[in-house]
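Participant: pasting the sequence and the predicted coordinates here, then a few questions.
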Amino acid sequence: NAGVTQTPKFHILKTGQSMTLQCAQDMNHGYMSWYRQDPGMGLRLIYYSAAAGTTDKEVPNGYNVSRLNTEDFPLRLVSAAPSQTSVYLCASRRFDSTEAFFGQGTRLTVV
Amino acid sequence: QKEVEQNSGPLSVPEGAIASLNCTYSDRGSQSFFWYRQYSGKSPELIMFIYSNGDKEDGRFTAQLNKASQYVSLLIRDSQPSDSATYLCAALEGGKLIFGQGTELSVKP
């Protein structure tokens, strides 16, 4: 049972480059979210999706998502900036459950 | 986005003591609250959730909720070195899970 799978685990990106962080879940969960985690800042919600075809942006600019199906929720950095250096965590949960399951995270460095 | 606030710590307690972790939230509409534990370099994992005012116990862990004061806490009895981790408080707001900054707990042998 794979759960929530994120790829890549680590990546270094140059300022201005674009990149897509992948997130996939095999639990048929409706809700999916992207968070970034910085030291001392906890988890900050970036994007949220309640179902395929719907997304809700929580932070301004710099990121895009798509939810074309239930399983996949990729996060795209349009033009990377050093301020986007962080650990990115993807999570999913069922509609009738409050427990969120997290992927192992992507550690992204923008230089 | 409404806020969830925690003291970032670090909180240091001796082995066998009670560790007390606190959290406040700003959205009075929040109904469900969660405590996640995160070991260094790992992803968060759910420890407990609480919906109703009062206490909820699960083994060495007790979650407490006071909706009037918008306050949630987690007590860890008989703390062990293996409890050393960051503890994240979260509130469910309109389907979204909103986290606090996390409190780093260190249990000294």
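Facilitator: Yep, that arrived.

Participant: okay, CA-based contacts and neighbour counts for the rest of this
Facilitator: OK.

Participant: where in chain B is pLDDT low?
Facilitator: Along chain B, the parts satisfying pLDDT under 70 run over B:1-2.

Participant: apply 80 and report the result again.
Facilitator: Within chain B, the stretches with pLDDT under 80 are B:1-2, B:8.

Participant: in what helix or strand does the one residue in it that gets nearest to chain A lie?
Facilitator: Using C-alpha to the nearest C-alpha, the single residue of chain B nearest to chain A is B:Gln101, 3.6 Å away. Under DSSP states H and E, no helix or strand contains B:Gln101.

Participant: got the contact list for it?
Facilitator: A:40-43, B:4-8, B:88-89 (C-alpha atoms under 8 Å, 6 or more residues apart in numbering or on different chains).

Participant: can you tell me which of those residues are buried?
Facilitator: A:42-43, B:4-8, B:88-89 (16 or more other C-alpha atoms under 10 Å in any protein chain shown).

Participant: export the residues you listed to CSV and tack on distance to B:Gly59 and secondary structure?
Facilitator: Conversion of these to CSV gives the following (distance: C-alpha to C-alpha, whole Å; DSSP: H, G, I helix; E, B strand; the rest coil):
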residue, distance to B:Gly59, secondary structure
A:Gly42, 26, coil
A:Leu43, 27, strand
B:Val4, 26, strand
B:Glu5, 26, strand
B:Gln6, 23, strand
B:Asn7, 24, coil
B:Ser8, 25, coil
B:Leu88, 19, strand
B:Cys89, 19, strand
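
Participant: so which of these comes closest to A:Ala51?
Facilitator: The shortest gap between A:Ala51 and any of those belongs to A:Leu43, at 21.5 Å (C-alpha to C-alpha).

Participant: pretty sure that closest one is touching A:Trp34, no?
Facilitator: No. Applying C-alpha atoms under 8 Å as the test, A:Leu43 and A:Trp34 come out as separate, 9.4 Å apart.

Participant: shaky segments in chain A?
Facilitator: Short version for chain A, where the test is pLDDT under 80: A:1-2, A:40, A:59-60, A:96-98.

Participant: mind listing the helices for it?
Facilitator: Assigned by DSSP state H, the helices in chain A number zero.

Participant: please name the nearest non-neighbouring residue to the residue in it positioned nearest to chain B.
Facilitator: Residue nearest to chain B within chain A: A:Gly42 (3.6 Å; C-alpha to the nearest C-alpha). Excluding its sequence neighbours, the residue lying closest to A:Gly42 (C-alpha to C-alpha, 6 or more residues apart in numbering or on different chains) is B:Gln101, at 3.6 Å.

Participant: look up phi and psi at the one you found.
Facilitator: phi -80, psi -20 (degrees, to the nearest 10).

Participant: the residue most central in space within chain A pairs with what?
Facilitator: By C-alpha atoms, centre = their mean, chain A has its centre lying nearest to A:Trp34, at 3.3 Å. Beta-bridge partners recorded for A:Trp34 (DSSP bridges): A:Tyr47, A:Cys90.

Participant: residue contacts, it?
Facilitator: A:45-48, A:75, A:88-91.

Participant: excluding covalently adjacent residues, which one is nearest to residue 85?
Facilitator: By default, I'm working from chain A. Nearest non-adjacent residue to A:Thr85 (C-alpha to C-alpha, 6+ apart): A:Thr109, at 4.6 Å.

Participant: looking at chain B here, not the other one
Facilitator: B:Ala85 sits nearest to B:Tyr39 (C-alpha to C-alpha, 6+ apart), 4.8 Å away.
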